[in-house]
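Visitor: show me how the following folds:
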Amino acid sequence: MPKHTNIYDLVKEAARRLRVPRAELLEEAIQALRTGELRAVNLSERINPKVSPTMTYGGWLQCYRGSDPESSKNFFMRIIVRRLDFDKWLRIQKKTRHRGPEKGTTGLRASDEKLLPLMRKLIRHGEATSIHNAAQMFADKIKGGGTLLSKVKRLSARYRERYPQHR
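Guide: Predicted coordinates for the structure are as follows:
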């Protein structure tokens, strides 16, 4: 296995192994190269002295804003990185990589929030004996998957978050 290789092949191999989108991992690697978290061997090397005597690979990376890394594949294949540096960077990335939506950003929160004032009204007027009972009254309107009980529990928890004085 060579000690040095191009960033494109390293990302391609790692994306396949980790089962993550290659474009996403390449964007993260580009950002790491820009910030210096990941070092490349030849960023100060000039791309093509005949065409642009001053443009280096590092300069090109700083101004690269492509949405499709495949179109710039040839440039990425010329950026050389030490395999050990890439593996170290990737281990750190894997520890901080999260799957799924970020906490608190699911669409269910917005739909649940619409029911909370209605639940509060039922509790205040004595039509519901508890938070759980009020949530049960809206069971048919609670969106999302899971059992009826899990949806009622989720809505009750949201109510307690929003109105902590009603515990």
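
Visitor: could you pull out the strands for this structure?
Guide: 4-6, 46-48, 52-56, 80-82 (DSSP state E).

Visitor: can you say which of the ones you listed is packed in most?
Guide: Sort these by mean neighbour count, taking mean count of other Cβ atoms under 10 Å, and strand 80-82 sits at the top with a mean of 20. Bear in mind the C-beta positions are built from the backbone N, C-alpha and C, glycine included.

Visitor: turn the strands of the chain into JSON lines, columns for distance to Arg91 and mean pLDDT.
Guide: JSON lines is the format used below for the strands of the chain (distance: least, Cβ to Cβ, whole Å; pLDDT from 0 to 100):
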{"stretch": "strand 4-6", "distance to Arg91": "17", "mean pLDDT": "86"}
{"stretch": "strand 46-48", "distance to Arg91": "30", "mean pLDDT": "71"}
{"stretch": "strand 52-56", "distance to Arg91": "28", "mean pLDDT": "70"}
{"stretch": "strand 80-82", "distance to Arg91": "14", "mean pLDDT": "87"}
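
Visitor: now distance to Glu37 too, for those, in CSV please.
Guide: Shown next, in CSV, are the strands of the chain (distance: least, Cβ to Cβ, whole Å):
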stretch, distance to Glu37
strand 4-6, 18
strand 46-48, 23
strand 52-56, 19
strand 80-82, 12
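
Visitor: who wins for proximity to Gln31 among those strands?
Guide: Closest to Gln31 of the strands of the chain is strand 80-82 (Cβ to Cβ; 13.9 Å).

Visitor: name the helices or strands packed onto the closest one?
Guide: strand 4-6, helix 7-18 (3 or more Cβ pairs under 8 Å, 6 or more residues apart in numbering; DSSP states H and E).

Visitor: try it again with 10 Å
Guide: With contacts defined as 3 or more Cβ pairs under 10 Å, 6 or more residues apart in numbering; DSSP states H and E, strand 80-82 has these neighbours: strand 4-6, helix 7-18, helix 22-35.
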